[in-house]
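A.B. asks: With the sequence up front, the predicted model follows.
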Amino acid sequence: MLKFNFYGHACFQLDDGKYKLLFDPFLTGNPLASIKADEVEADYLLVTHAHGDHSGDGYDIVTRTGATAIGIPEITDFGGANVKTIGMNLGGTLKLPFGFVRMVPALHSSGIQGGTPCGYVVGIGGQVVYFAGDTCLFGDMKLIGERDKIDWAILPIGDHFTMGIEDAAKAVELLGAKNVIPVHYNTWEIIKQDPEEFKKLVKGANVHIVKPGESLNLNA
Ligand code: NI
Ligand code: MN
């Protein structure tokens, strides 16, 4: 079973029963965090960009867990002898014991010099999961959906810093995603959104609203 464990904001874990992939580990200072940074488990840590609400507790988590950090080198080359990192860049694909990780573009700012923001397409547990990171709507989402059949799209809907609900609904259409999980909303007043309104706007895909602390079986 492939589990999606949502920890609040844009932090989540994919767990195939053997490997745990943790994404955008912003827990300390996250008003919605449903787990503490010193409790969360990870074998791999994937970071989309260097803004604090994404890279967050990354360094502490890889240091404590021994997880391998994956990302743009300027962002995830944390340093330190005991930290394992795999630096990669846009368009690259990693073959890993659980499946694959492909780094795809995101249109956003970086949070660090040279730290281009990205999204990820991940093959794990018989599913293809696209995590957009922080981004606006862009036309090449269509290419991302043509390259890999997207079973699950995890998209920001909070507006202001990323897509809002109308553009995220259009993103679902471009991606041809079968299922969608909205993230990156309601953490603060400035990104307040009603996910039920998003659900109404999405055509041709199932929208799954997952609350922080909840889990979803992605094989169901
Ligand atoms: Ni950001
Ligand atoms: Mn963000």
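C.D. replies: Okay, I see it. Residues are numbered from 1 along each chain as shown. Ligands and ions are numbered 1, 2, ... in the order given.

A.B. asks: And residue 115, how close does it get to residue 150?
C.D. replies: According to C-beta to C-beta, to the nearest Å, residue 115 stands 25 Å off from residue 150. Every C-beta, even on glycine, is put in place using the N, C-alpha and C of the backbone.

A.B. asks: residues contacting the residue nearest the centre of the chain?
C.D. replies: The C-alpha lying nearest the average C-alpha coordinate of the chain belongs to residue 131 (C-alpha atoms, centre = their mean; 4.1 Å). Taking C-beta atoms under 8 Å, 6 or more residues apart in numbering as the criterion, residue 131 is in contact with 23, 46, 48, 119-120, 122, 154.

A.B. asks: which residue packs closest to it, ignoring adjacent ones?
C.D. replies: Nearest residue to residue 131, sequence neighbours excluded (C-beta to C-beta, 6 or more residues apart in numbering): residue 154, at 4.5 Å.

A.B. asks: Am I right that the one you found is in contact with residue 135?
C.D. replies: No: contact criterion C-beta atoms under 8 Å: residue 154 and residue 135 do not qualify, at 11.6 Å.

A.B. asks: So the helix-or-strand element of the chain with minimal mean pLDDT, near ligand 1 or not?
C.D. replies: Least confident helix or strand, the chain: helix 73-76 with a mean of 92, by mean pLDDT, DSSP states H and E. No: applying C-beta under 5 Å from the ion, one finds helix 73-76 separated from ligand 1 by no less than 11.7 Å.

A.B. asks: That helix: how far from the chain's middle?
C.D. replies: 16 Å (C-alpha atoms, centre = their mean, to the nearest Å).

A.B. asks: and the very next helix or strand once past that helix, how far from the chain's centre?
C.D. replies: Using DSSP states H and E, the next helix or strand after helix 73-76 towards the C-terminus is strand 84-87. Chain-centre distance of strand 84-87: 18 Å, with C-alpha atoms, centre = their mean.
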